[in-house]
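Engineer: Sharing a model that was predicted from the sequence below.
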Amino acid sequence: MIGRKRLSRRTFLRGAGAVAIALPFLDEMRPSRARAEAPDALRCFTVFFAHGVPLPVLRNGLRGALAPLARVQHRLGFYGGVDLHAGSGNGHETGGMSVFCGTERRSESASGGASIEQVMRGRVGAGGSSTHLPYFNMGSYFRRNDVFRYCHSWNADGSPTEVPIDEPAELFRRLFGGRSSEESSGDESVSRRRRFRRSILDTVLEDYRHLTSDAGPLTHTSRARVREHLERLRELEQRVEGAGSVLACATPDPVGTVARLWNEEQDTPPNKPTVVPERWLDHWELMSDLYALGVHCDLFRFGHVSFQGAAERVFLRGPYRFDGRDIEFDDRTDHHEAWHAYGGGAEPEPRMAWHMHFILDQTVRFLEKLDDPSHPTATGRTMLEDALVVVATELGDGSQHSTRNVLHAVSSAGGRLRTGVVDEAPIAQVDFLNTCLAGVGLDVSMGDARHATGLVDRMLT
């Protein structure tokens, strides 16, 4: 529309107190081509899943246990021959701390260097300092006694970036609720005031009315997108609280959603929980919706997501849809043992296949949230198409605790990296990661140079 100025990508709806709601990408935010291709528009997310996919199973095709991967094959390139060069020790530990880093760990609590999303974050300018958050980590996991189990995002000095958030209420608060330093103090008077606040969406109505009025800067199409966005936020807000009506506070306290995942009576997550698959699916769906919306709203451009931690041990009990048919989980030993019992064939035994399908299905569900065409980037593509998304796991063969032939996958990063391929040839992880960085145009290297042989040309378009 003539006379309407371009909005900043950082435009927020401002409300009472610390409340600020980010907007999705609108036509009025579309930058020039030069700006759209600038390094500060780059994004990188790493996605971890537990236990691994043996190479013989991958060679058998994206079917059966691997059927979920077929849903995103057009968006990812799969590489089954990646060697982590993780060093000696238990493969769960060494693989869990080497994945995404391209180098051996320094100690039981320190990686050998930064993970790829942090390398990229530092290279493009202090990690997207103009975003609401410099990076953001999310996960669904139980074993918390060792850092390698739940942390797969590392700083250059080997320290963990942050513990992945695993509660939907905390995700919502960090991303959309806002909280001032005063509100975080724990002061009871502040807590009382917070109880009387309205839904966070109600606090931004004045700003919202201006933005969507005839006097505002938006076209009719963009106004409709803003309305849909706020309706989606209200739905998520209500799902987080488990209520069917408007919330009573702007920054809800944690509601113990994780506690509903397991059957035991403990208040804190047990080390080996018994979980109903349907509960976990609902929990992960909500977390994925929240995280993906934060990405689409440009609240952060770098982060890590994990479904199950390294060496996770879980008992699943209940119905599940496996590759088009109904099955019934009834674990008598934890699922970790299914990978230990793997016999090396193309067809894993049924229980391992069921669990592998469950893990990969949840991983792919998250990726599909990034591939939502209703949230296009400035290029008109989906976030999964434009961002550098690296998916990986801890082991190649769980029966041997091997960190060779560890499945990795990578998105096209704006058409720069090949997708739709299933590659089985050997690749050093350091070469895989450096090829990803070179593919997005960054003149930087990472990982252990002792194992580097050069860029992997077949990964590049």
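Structural biologist: Perfect, thanks for sending it. Please read all numbers here as calculations on a predicted model, not as lab measurements. Residues are numbered from 1 along each chain as shown.
Engineer: rest of the way, CA atoms for contacts and neighbours
Structural biologist: Fine.
Engineer: Could you give the number of residues near residue 429?
Structural biologist: Neighbourhood size, residue 429 [other C-alpha atoms under 10 Å]: 29.
Engineer: how about it, what does it touch?
Structural biologist: Neighbouring residues of residue 429 by C-alpha atoms under 8 Å, 6 or more residues apart in numbering: 82-85, 102.
Engineer: and if you look at residue 423?
Structural biologist: Residue 423 touches 77-81, counting by C-alpha under 8 Å, 6+ apart.
Engineer: Dump those residues to JSON lines, plus distance to residue 218.
Structural biologist: As requested, those are exported to JSON lines (distance: C-alpha to C-alpha, whole Å):
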{"residue": "77", "distance to residue 218": "38"}
{"residue": "78", "distance to residue 218": "41"}
{"residue": "79", "distance to residue 218": "44"}
{"residue": "80", "distance to residue 218": "47"}
{"residue": "81", "distance to residue 218": "49"}
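Engineer: so which of the contacts of residue 429 would you say is closest to residue 408?
Structural biologist: residue 82 (6.9 Å; C-alpha to C-alpha).
Engineer: For that closest one, list each beta-bridge partner.
Structural biologist: Beta bridges link residue 82 to residue 406, residue 427, judged by DSSP bridges.
Engineer: pretty sure it contacts residue 408?
Structural biologist: Yes: in terms of C-alpha atoms under 8 Å, residue 82 counts as a neighbour of residue 408; the distance is 6.9 Å.
Engineer: higher neighbour count, those two?
Structural biologist: residue 408 (27 against 24).
Engineer: Am I right that the more buried one is in a helix?
Structural biologist: No: with DSSP: H, G, I helix; E, B strand; the rest coil as the criterion, residue 408 is assigned strand and is not in a helix.
Engineer: show me the contacts for the nearest residue to it once chain neighbours are set aside.
Structural biologist: In this structure, residue 408 finds its nearest non-sequential neighbour in residue 392, 4.5 Å apart by C-alpha to C-alpha, 6 or more residues apart in numbering. Shown in contact with residue 392 (C-alpha under 8 Å, 6+ apart): 46-49, 99-100, 406-409.
Engineer: for residue 392, phi and psi?
Structural biologist: Main-chain torsions, residue 392, degrees, to the nearest 10: phi -160, psi 170.
Engineer: Check residue 47 too.
Structural biologist: phi -130, psi 120.
Engineer: Same question for the one 4 residues further on.
Structural biologist: Here is the backbone geometry of residue 51 (degrees, to the nearest 10): phi 80, psi -40.
Engineer: My guess is it contacts residue 339. True?
Structural biologist: Yes: taking C-alpha under 8 Å as the definition, residue 51 is a contact partner of residue 339 at 7.1 Å.
Engineer: Mind checking which of the two has more residues around it?
Structural biologist: Relative neighbour count places residue 51 above the other of residue 51 and residue 339, with 31 against 25, counting by other C-alpha under 10 Å.
Engineer: Could you measure from the more buried one over to residue 162?
Structural biologist: Separation of residue 51 from residue 162 (C-alpha to C-alpha, to the nearest Å): 22 Å.
Engineer: Turn the contacts of residue 392 into CSV, columns for pLDDT and distance to residue 437.
Structural biologist: Listed next are the contacts of residue 392 as CSV, based on pLDDT from 0 to 100; distance: C-alpha to C-alpha, whole Å:
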residue, pLDDT, distance to residue 437
46, 98, 13
47, 98, 16
48, 98, 18
49, 98, 22
99, 98, 15
100, 98, 12
406, 98, 19
407, 98, 18
408, 98, 15
409, 98, 14
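Engineer: Go through those and say which is closest to residue 219.
Structural biologist: So of these, ranked by how close each gets to residue 219 (C-alpha to C-alpha), first place is residue 46, at 35.4 Å.
Engineer: and the closest one, that's in a strand?
Structural biologist: Yes: assigned with three-state DSSP, residue 46 falls within a strand.
Engineer: so what secondary structure elements neighbour the host helix or strand of residue 235?
Structural biologist: Here residue 235 sits within helix 220-241, counting by DSSP states H and E. With contacts taken as 3 or more C-alpha pairs under 8 Å, 6 or more residues apart in numbering; DSSP states H and E, helix 220-241 sits against helix 168-172, helix 277-296.
Engineer: Report the backbone C-alpha coordinates of that helix in CSV.
Structural biologist: The C-alpha trace of helix 220-241 is given here as CSV (Å, rounded to 0.1, in the frame of the first residue of the first chain):
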residue,chain,number,x,y,z
HIS,A,220,-5.4,-6.1,5.1
THR,A,221,-3.5,-9.3,4.6
SER,A,222,-1.0,-8.5,7.3
ARG,A,223,-3.8,-7.5,9.7
ALA,A,224,-5.3,-10.9,9.3
ARG,A,225,-2.0,-12.6,10.0
VAL,A,226,-1.6,-10.6,13.2
ARG,A,227,-5.1,-11.6,14.3
GLU,A,228,-4.3,-15.3,13.6
HIS,A,229,-1.0,-15.0,15.4
LEU,A,230,-2.6,-13.7,18.6
GLU,A,231,-5.3,-16.3,18.4
ARG,A,232,-2.6,-18.9,18.1
LEU,A,233,-0.8,-17.5,21.1
ARG,A,234,-4.0,-17.5,23.2
GLU,A,235,-4.5,-21.1,22.3
LEU,A,236,-1.0,-22.0,23.4
GLU,A,237,-1.3,-20.0,26.6
GLN,A,238,-4.4,-22.0,27.5
ARG,A,239,-2.8,-25.3,26.6
VAL,A,240,0.1,-24.5,28.8
GLU,A,241,-2.2,-23.9,31.8
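Engineer: which parts of that helix are buried?
Structural biologist: Going by neighbour count (16 or more other C-alpha atoms under 10 Å), the buried part of helix 220-241 is 222-223, 225-226, 229-230, 233-234, 236-238, 240-241.
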